[in-house]
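**Q** following is a predicted model, sequence given first.
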Amino acid sequence: MQTAELNALTGKKCKSCGFEATDPVVSCTSCGSEDVEPKTFSGKGKVYTYTVVHVGFGHLASRAPYVLAVIELEEGAKTMGLIEGEYQGKPITESVAIDMPVQFLRTEEKTGFIFKSA
Ligand SMILES: [Zn+2]
């Protein structure tokens with residue numbers, strides 16, 4: 001993976017039915033077609049659901065507590081990611097909320113997509 005790609009929220013768009021999803025996607029999860037094309041998402045979205053992880057596992061152990069969330073992107077696709085930073089002046093682990101606006105930050109090789117409050 002190129003460095004430039006780590007700073008873009010990439011995914012695929014199905015040429016068969018138009019369904020869009022973030023990586024990793026090899027076939028369309030909506031209709032099953034493998035005729036998908038690369039797509040870069042805006043990175044803007046909101047928290048669909050989340051959990052605050054107090055005891056991480058593996059390489060994430062030293063990171064706990066952290067927020068693991070399902071993000072609904074403005075394009076309509078959903079993706080999993082970690083949310084970093086603060087929201088309304090409080091640590092994100094204390095202030096994260098459903099529908100909180102978020103912005104994609106970067107991709108970490110082992111962890112996946114990282115977001116922050118927007
Ligand atoms: Zn499809």
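**A** Received the coordinates, thanks.

**Q** please make it C-alpha for all contacts and neighbour counts, starting now.
**A** OK.

**Q** please, which helix or strand holds the residue in the chain sticking out farthest from the centre?
**A** Here the chain reaches farthest from its C-alpha mean at Ser16, the gap being 24.0 Å by Cα atoms, centre = their mean. Using DSSP states H and E, Ser16 sits within no helix or strand.

**Q** just checking, it touches Ser30?
**A** No: under the criterion of Cα atoms under 8 Å, Ser16 makes no contact with Ser30, lying 9.9 Å away.

**Q** for the residue positioned nearest the centre of the chain, give me the pLDDT.
**A** In the chain, the centroid-proximal residue (Cα atoms, centre = their mean) is Gly81; its distance is 3.8 Å. As predicted, Gly81 sits at a pLDDT of 92.

**Q** next one: Phe57
**A** pLDDT at Phe57 comes out at 76.

**Q** against Ala77, how distant is it?
**A** 27 Å (Cα to Cα, to the nearest Å).

**Q** and Leu105, how many neighbours?
**A** Using other Cα atoms under 10 Å, Leu105 has 20 neighbouring residues.

**Q** ugh, wrong one, Glu94
**A** Neighbours of Glu94 (other Cα under 10 Å): 12.

**Q** SS state for it?
**A** helix (DSSP: H, G, I helix; E, B strand; the rest coil).

**Q** need the residues of this structure near the ion, please.
**A** 14, 16-17, 28, 31 (Cα under 5 Å from the ion).

**Q** how about those in JSON lines, adding distance to Glu108 and pLDDT?
**A** Output for the residues of the chain next to the ion, formatted as JSON lines (distance: Cα to Cα, whole Å; pLDDT from 0 to 100):
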{"residue": "Cys14", "distance to Glu108": "25", "pLDDT": "87"}
{"residue": "Ser16", "distance to Glu108": "30", "pLDDT": "83"}
{"residue": "Cys17", "distance to Glu108": "30", "pLDDT": "85"}
{"residue": "Cys28", "distance to Glu108": "24", "pLDDT": "89"}
{"residue": "Cys31", "distance to Glu108": "29", "pLDDT": "93"}
